[in-house]
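**Student:** 3D model of this:
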Amino acid sequence: MDIFEVIHGHRSIRQYKPDPVGDELLTEVLEAGVRASSSGNMQTYSIIVSQDPAMRERLFWPHMEQNMVLDAPALLTFCADFRRMRKWLRINDAPDNFGDFFAFLVAAIDAILVSQNVALAAEANGLGICYMGSTLANADQVGEILQLPTGVVPVVGFSLGWPDEDPAPRDRLPLTGLVHHEVYHDHSDAEIAEIYKDRDRAGWERYMSNPDLRRLIEEADVENLAQIYTVVKYTPEGQAKYSASLLTYLREQGFLPRR
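**Tutor:** Numbering: from 1, shown residues only. Here you go, the predicted model:
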């Protein structure tokens, strides 16, 4: 497939056929993944492929009971990983300068870049994927199940398999709201309203068309899409909980100084 056709055809796939992803194809998309750009070519990431149904059942809870964790034949978890690099430094008597928060960010960016390469290669071969924010939100729980040692943190993950649905592509904000030329343009309220005009309509209709989501929205007594985001989906309590647990986990994994 043409690369632009792959990119513009992306959809999040949540329903999968039971057919496995063959080892040869899986290797092909992973090899495409590791060709991604990497800071200093250090490749400070690791990829964990979970295909065993028993393992995916264990990951079901920290992934907020999303059905694709069980239904997709594979779950890929991309981890920021400086453990391998730091061991290499040690056996070569080289200084270790990577036990800090900046090192985590470098490794996290590496992991995210490789994950998108894998996603594109998978979709070019007819596979479907669905990124899951629960990988980072519950990094400590995911890390415990995957037996991640110090220096390794799960950053992003997605389900992988053969699609059993054909959802319409989701809307995207216009380039006028996303691209800035030479310097940052701080949009006026009127410009913000115009940028989000189509999203406000399409997003509200999408949520209200789902009976379960409609019930939550009506119970919360919200009036627009913005309120759905911060009253129903991303509450202050939830954001604070995930932030606190992630910071604690980064400290335990050696990317922040211990108190």
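**Student:** does I48 really touch T77, like I thought?
**Tutor:** Yes - using CB atoms under 8 Å, I48 makes contact with T77 at a distance of 4.4 Å. C-beta here means a position set from N, CA and C on the backbone, and glycine is covered the same way.
**Student:** ok, the two, which is more surrounded?
**Tutor:** Applying other CB atoms under 10 Å to I48 and T77 shows that T77 carries more neighbours, namely 26 against 18.
**Student:** Now do the shared contacts for I48 and T77.
**Tutor:** Taking CB atoms under 8 Å, 6 or more residues apart in numbering as the criterion, I48 and T77 both touch L146, P154.
**Student:** For this protein, which helix or strand comes out least confident on mean pLDDT?
**Tutor:** Using mean pLDDT, DSSP states H and E, the weakest-scoring helix or strand in the chain turns out to be helix 211-220, at a mean of 91.
**Student:** Pull the distance from the very next helix or strand once past that helix to the chain's centre.
**Tutor:** Per DSSP states H and E, the first helix or strand lying C-terminal to helix 211-220 is helix 225-227. On the basis of CA atoms, centre = their mean, to the nearest Å, helix 225-227 sits 22 Å off its chain's mean C-alpha point.
**Student:** again with stretch 245-259
**Tutor:** Distance of stretch 245-259 from the chain centroid (CA atoms, centre = their mean) equals 20 Å.
**Student:** how about that stretch: buried residues?
**Tutor:** Of all the residues in stretch 245-259, those buried under the rule 16 or more other CB atoms under 10 Å are L246, Y249, L250, Q253, G254, F255, L256.
**Student:** for those, which one is nearest Q141?
**Tutor:** Y249 (9.2 Å; CB to CB).
**Student:** and the buried residues of stretch 245-259, which two are the farthest apart?
**Tutor:** Using CB to CB, these span at most 14.2 Å, a distance reached by L246 and G254.
**Student:** Pull the residues that contact the helix or strand where E5 lies.
**Tutor:** Assessed by DSSP H and E, E5 sits inside helix 3-8. Helix 3-8 is contacted from outside by L120, E123, A124, P169, using CB under 8 Å, 6+ apart.
**Student:** Out of those residues, flag the one nearest to G143.
**Tutor:** L120 (26.1 Å).
**Student:** Any idea how many residues pack against the residue lying closest to the closest one once chain neighbours are set aside?
**Tutor:** Of all residues not flanking L120 in the chain, V6 sits nearest, at 5.8 Å (CB to CB, 6 or more residues apart in numbering). Neighbours of V6 under the rule other CB under 10 Å: 16.
**Student:** For V6, give me the pLDDT.
**Tutor:** As predicted, V6 sits at a pLDDT of 96.
**Student:** Quick check: it vs I129, distance?
**Tutor:** 12 Å (CB to CB, to the nearest Å).
**Student:** Please identify every residue contacting each of these two.
**Tutor:** Residues touching both V6 and I129 (CB under 8 Å, 6+ apart): E123.
**Student:** rewinding a little: buried stuff in the helix holding E5?
**Tutor:** Buried residues in helix 3-8 (16+ other CB under 10 Å): V6.
**Student:** Check stretch 96-116 too.
**Tutor:** By 16+ other CB under 10 Å, the buried positions in stretch 96-116 come out as 98-99, 103-104, 106-111, 113-115.
**Student:** any weak-confidence spans in this structure?
**Tutor:** Residues of the chain that meet the criterion pLDDT under 70 lie in 1, 259.
**Student:** What strands flank the lengthiest strand in it, and is each parallel or antiparallel?
**Tutor:** In the chain, with assignment by DSSP state E, the single longest strand is strand 152-161. Using DSSP bridges, strand 152-161 pairs in its sheet with strand 74-81 (antiparallel), strand 128-132 (antiparallel).
**Student:** For these, give me CSV that also has distance to A240.
**Tutor:** Formatted as CSV, these follow (distance: least, CB to CB, whole Å):
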stretch, distance to A240
strand 74-81, 22
strand 128-132, 21
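**Student:** Buried deepest among these, which one?
**Tutor:** strand 74-81 (a mean of 25; mean count of other CB atoms under 10 Å).
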